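Colleague: what's the 3D shape of this:
(3 chains)
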Amino acid sequence: MLGSDLIIDFENCGQEMYRLMAELFPLCRSITGDGVRETLRTIQGQIPLRLVEVPTGTQVFDWTVPREWAIRDAHISDSNGKRIVDFRSNNLHVVGYSVPVDRTISLAELQNHLYSLETMPDAIPYVTSYYQERWGFCLTHRQRSGLPDGEYRVFIDSELKDGHLTYGELIIPGETDREIFLSTYVCHPSMANNELSGPVVATMLARWIMSRPRRFTYRIVFLPETIGSLTYLSRNLDRMKENIVAGFNLTCIGDDRAYSFLPSRSGSTLADRAALNILGHKHPDFIRYSFLDRGSDERQYCSPGVDLPVVSVMRSKYREYPEYHTSLDNLDLVTPAGLQGGFSAVRDCLELLENNRVYRATCLGEPQLGRRGLFPTVGTRDSHSQVADMLNVLAYADGTSDLIDISNIIKAPVYQLYPIIDELLSTGLIGCVSV
Amino acid sequence: MLGSDLIIDFENCGQEMYRLMAELFPLCRSITGDGVRETLRTIQGQIPLRLVEVPTGTQVFDWTVPREWAIRDAHISDSNGKRIVDFRSNNLHVVGYSVPVDRTISLAELQNHLYSLETMPDAIPYVTSYYQERWGFCLTHRQRSGLPDGEYRVFIDSELKDGHLTYGELIIPGETDREIFLSTYVCHPSMANNELSGPVVATMLARWIMSRPRRFTYRIVFLPETIGSLTYLSRNLDRMKENIVAGFNLTCIGDDRAYSFLPSRSGSTLADRAALNILGHKHPDFIRYSFLDRGSDERQYCSPGVDLPVVSVMRSKYREYPEYHTSLDNLDLVTPAGLQGGFSAVRDCLELLENNRVYRATCLGEPQLGRRGLFPTVGTRDSHSQVADMLNVLAYADGTSDLIDISNIIKAPVYQLYPIIDELLSTGLIGCVSV
Amino acid sequence: MLGSDLIIDFENCGQEMYRLMAELFPLCRSITGDGVRETLRTIQGQIPLRLVEVPTGTQVFDWTVPREWAIRDAHISDSNGKRIVDFRSNNLHVVGYSVPVDRTISLAELQNHLYSLETMPDAIPYVTSYYQERWGFCLTHRQRSGLPDGEYRVFIDSELKDGHLTYGELIIPGETDREIFLSTYVCHPSMANNELSGPVVATMLARWIMSRPRRFTYRIVFLPETIGSLTYLSRNLDRMKENIVAGFNLTCIGDDRAYSFLPSRSGSTLADRAALNILGHKHPDFIRYSFLDRGSDERQYCSPGVDLPVVSVMRSKYREYPEYHTSLDNLDLVTPAGLQGGFSAVRDCLELLENNRVYRATCLGEPQLGRRGLFPTVGTRDSHSQVADMLNVLAYADGTSDLIDISNIIKAPVYQLYPIIDELLSTGLIGCVSV
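Modeller: Take a look at the predicted model:
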């Protein structure tokens, strides 16, 4: 199954991620139901995801796994029987978790069940009502404004019944039990940046991780936002707290307009340090948000008592771009280049974490680089600066600074230090202090 | 006696404070003597102050309680017997602690005993000589410049004799022995901002404190500056160091031109944190002084080995306004609105301290606000932000941050968080960690 | 021998340092050999330096003491036998540690052994090849460009043989075993700022130290850069790590264009704090370099595992001025005033260290300065500020802040506090906590 990985060029995998996104786009996902299952099964075509079903009614911390929602059809029809708002043409038209209805009502009554955006007249908004029974339709404000008086049939063929909450999990074992955690969500219907960019980047990252040796074990989850992360935490918290050294919440990582960073609650975890180092060197104009701007599953992962080191490396952040939570967050907004950029930024963070250790110089004083061929043997007025990076790494290989610290102190991109570290390790001039 | 408190509107008590100030203004206070006693007895008409008398000669740390000063009359008369400088018209005319004199001297000799301000020709300066025996008169520079040559009679009917240093103390018990400390001084003659604003605001704060339930015990003292605070400390230091969690030196708190803050020596005590939070949100243009700018009893309260957490929340700070220590610091300079503003700022600090605790969320992950009626049940693109404050409080209710920390982190005025804390406590979503 | 010290005016000793520099200038120093020995013997004329010889082949950490280099003569002659490049006229003309040669070669072949600076056509560059056997000549680019085609005789009468590395050491005992460390190097041929300024300032500092009482023991070393400091460390590391509280690397301390500071690796040692306080008050426009800009023996002294508190207080820093490592770094570049400024800056640091202790006020509350004659006895509106420095010292004499801390907090130059400290100690108002 994973044979195809052998030929992936991870520097140019944006098109492949985009193709998977286009395949997943039409599915009507919600926090439960077959839309989630189909999404996860499609992803199983690329990575060996394990699907887990948690029954309705299961207590997860302060919450309860809700009933499962099935939707088969929904429309508003005019007095001529013409479907003027049709779930089949865009699954955003129906309010998520709508209860069934089949009535004919006046426009005035209908208005109580309609949602549109006056400021974005051509966008269908995304609306849900998970925890209170309602029914409703979403449509463009332009269409809504033009609805003539009269009778309308509202029809929603849906079902709320005991069932399961479904999530996908992939554990990729490494040399140690220490884990890096990737989380993404699969609960929004047809939207691209704030939905599918996360799962497709997570899928490609899983393929990249599996393609190479690794120190860390990777825990990768695809789950419905909020209730899914709470459910996952409630079943795995002890192991996660014990093992996870850094985590990334993958969301809004597919357009090509910006890079964004949202810290963990403390702001100083290993994940924060890795992401800030990479973004600072690779995308120095990235937007740095505060934990006060949070809005995705870091709300659970970083909550008091959970306290996992989880950050978000994003492109245009949820709530900060105009198309957010509307039908305009579509396959035009997300691009192969945008996905590639998001993928590469997170991959660089993972690569940094794999390389990040505490080193210690093995001899007192500076070593004699010259006799090892590491230093020009004619001293001229410029030669001092030629091996500055190597000497700086040696100067801070003090048994307490890790590679991120060293990179920050000596102001050299951490990825420029990997070959230096390799050379110093292979000549025995430094040793690893941490495992 | 305290029945009148029942009808005070503490939002509009500036006039009442001003009336008390006007009543106290004419008294000739000094660091000892009947002026202090009369001042304290007048305040006893409003709050149950206990008067304490400490004998002359008592050793207080490096100091000794001085002899008591009594002054009955003082004047300079011209050769016609006309009183040209008269203690009865303004008690600032005589140098504080002047020894008696009754002589007729030349203008040249008189000049050695005169004090005036060339740069403020219409102001009588305030001058004292507590610890070296002297006599002298203060007058406007305009008057001094116009004195004709000739003989002048100088007459001071004063007395320096063994007696007492007098201070007033009020302990208002609370639920715990932990104390909040308020200190103000009653040793300057007829001046308003740098004298009476402190005692009248302290009196009103005592009435406010007594009018409501309280966690803390309040220790409120009215004493002569420096020698009084040293005396009080020398008799109460152990209990004060053990119990006081925050203290406020009340001085220069009655004009309406500015808000000012002077920190404790360390700058990071609970009193500093409370005052900076309140002033930062309520009066963001307040002037922030350094401990190097100190000049009142924090010099004793924050001295090494004493180390009490005492700050000053002021209006226009001593030494920083032109009328300071002159006859122009009078009943025109201080206003009812100025007193009300000063009172409210300190009251807000006390209210914050009463509310300031460390909280801990009681469930893992975010709680489900919706089923408790704390969250809108239709998820729209805006609903995330509607309960941001509550979610932020929950996110930082981590068992280590107190309410001031939370307010600072989430950038929300602490007083906007009181109802949220109440709601979260009453629904059991958070609990108190600290008592 | 030290009798002459009795008449030195250390405020005006620039000319005397300059004279010593002029005497040492012509010697052909290298990292080993008679040039170093003659330099050290000349300095022995002023201070009781002990010369130490370490044999060729001695292992010093990762390095080996090299063979000793002797050079008697060197020249390039044209086909007429005329010396066109002559070691006797400037010892920079020969590449340091050149092996012997006596051949006649073409201009083309000669070019492989020539070093010049195109951007500084009138400067002879300084080039060495300590650890790889080579021969070569340095000359001005102007001369090199004008060399006609033809045959040239290259002649170097040098020798590389087993011998010794030589360094000088002076231990000046003080009241305690705790040491202040001064290090300078004596390994460059005829250059002034980046060579002789260090030894001559170090010599004058030694004379100043010996001329007065002292708390600390002083360890002063004159050694070849890099291999010399490594050698010295390898023989003395344990005692140095145990005793040294602050150290100064003396280099580039003789021109009069700038003051410069290069911190220790941690940046927060006592040496850093002392130097930053002095430079900040005395030379507030000093240039503050980073440890990343290092290039002298702090590379060894501050290396991981060595970790000595060594900083550099300089005038124009090596590598930062145009004449660096060329024949233009000469007796015109360094001036008596430049040397005096460098000497005084380091001397001020040493004086600060001698005075720097932790003090504690002996009484609670402010002391009564008045009865000790330390405070004006008439209180006027200005008197508060008159003794501000003394009161501020008392306020921060808290048993944990040292004098540098106090100076930094109260923003008063530390040398203005020495008489205040003396007065407070002599009146018993403060005591010393640290030894």
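Colleague: what secondary structure does residue A:167 sit in?
Modeller: strand (DSSP: H, G, I helix; E, B strand; the rest coil).
Colleague: Give the bridge partners for the spatially closest residue to it that is not a sequence neighbour, please.
Modeller: Nearest in space to residue A:167, with sequence neighbours left out and distances taken as Cβ to Cβ, 6 or more residues apart in numbering or on different chains, is residue A:223 at 3.7 Å. Where C-beta positions appear, they are placed from N, C-alpha and C, glycine not excepted. For residue A:223, the beta-bridge partners under DSSP bridges are residue A:185.
Colleague: Could you double-check that residue A:223 lies in contact with residue A:229?
Modeller: Yes: the criterion here is Cβ atoms under 8 Å, and residue A:223 meets it with residue A:229 at 6.0 Å.
Colleague: list residues touching both of those two?
Modeller: A:183, A:185 (Cβ atoms under 8 Å, 6 or more residues apart in numbering or on different chains).
Colleague: Can you check which helix is longest in chain A?
Modeller: Criterion DSSP state H: the longest helix present in chain A is helix A:336-355.
Colleague: now for that one, which elements pack on it?
Modeller: helix A:14-24, strand A:179-185, helix A:197-210, strand A:244-250, helix A:270-282, strand A:310-314, helix A:403-410, helix A:414-426 (3 or more Cβ pairs under 8 Å, 6 or more residues apart in numbering or on different chains; DSSP states H and E).
Colleague: quick one, which of these is nearest to residue C:394?
Modeller: Shortest distance between residue C:394 and the helices and strands packed on helix A:336-355, using Cβ to Cβ, is found for helix A:403-410: 39.4 Å.
Colleague: show me what contacts residue A:38?
Modeller: So residue A:38 contacts residue A:27 (Cβ under 8 Å, 6+ apart).
Colleague: actually residue A:338, sorry about that
Modeller: Per Cβ under 8 Å, 6+ apart, neighbours of residue A:338: A:14, A:197, A:254, A:255, A:256, A:257, A:315.
Colleague: pLDDT score for the residue in the stretch 1-150 of chain A that chain C sits nearest to?
Modeller: When distances are taken as Cβ to the nearest Cβ, the stretch 1-150 of chain A reaches nearest to chain C at residue A:11, 31.7 Å away. pLDDT for residue A:11: 96.
Colleague: can you check residue A:380 too?
Modeller: 50.
Colleague: And for the one 3 residues further on?
Modeller: Taken from the predicted model, the pLDDT recorded for residue A:383 is 42.
Colleague: and the closest residue to residue A:56 other than its chain neighbours, what does it touch?
Modeller: If the residues on either side of it in the chain are set aside, residue A:56 comes closest to residue A:162, at 4.3 Å by Cβ to Cβ, 6+ apart. Contact partners of residue A:162, counting by Cβ under 8 Å, 6+ apart, are A:55, A:56, A:57, A:67, A:68.
Colleague: coming back round to it: just say which of the helices and strands packed on helix A:336-355 is most tucked in.
Modeller: Stretch with highest mean neighbour count among the helices and strands packed on helix A:336-355: strand A:310-314 (a mean of 29; mean count of other Cβ atoms under 10 Å in any protein chain shown).
Colleague: Would you quantify the distance from the closest residue to chain C within the stretch 201-350 of chain A to chain B?
Modeller: Residue nearest to chain C within the stretch 201-350 of chain A: residue A:281 (16.3 Å; Cβ to the nearest Cβ). Note on residue A:281: its distance to chain B, by Cβ to the nearest Cβ, to the nearest Å, is 28 Å.
Colleague: my read: that residue touches residue A:413, true?
Modeller: Yes: at 4.1 Å, residue A:281 counts as touching residue A:413 under the criterion of Cβ under 8 Å.
Colleague: Break chain A down into its structural domains.
Modeller: Here the domain parsing of chain A from automatic domain parsing is A:2-65+A:164-354, A:68-161, A:358-432.
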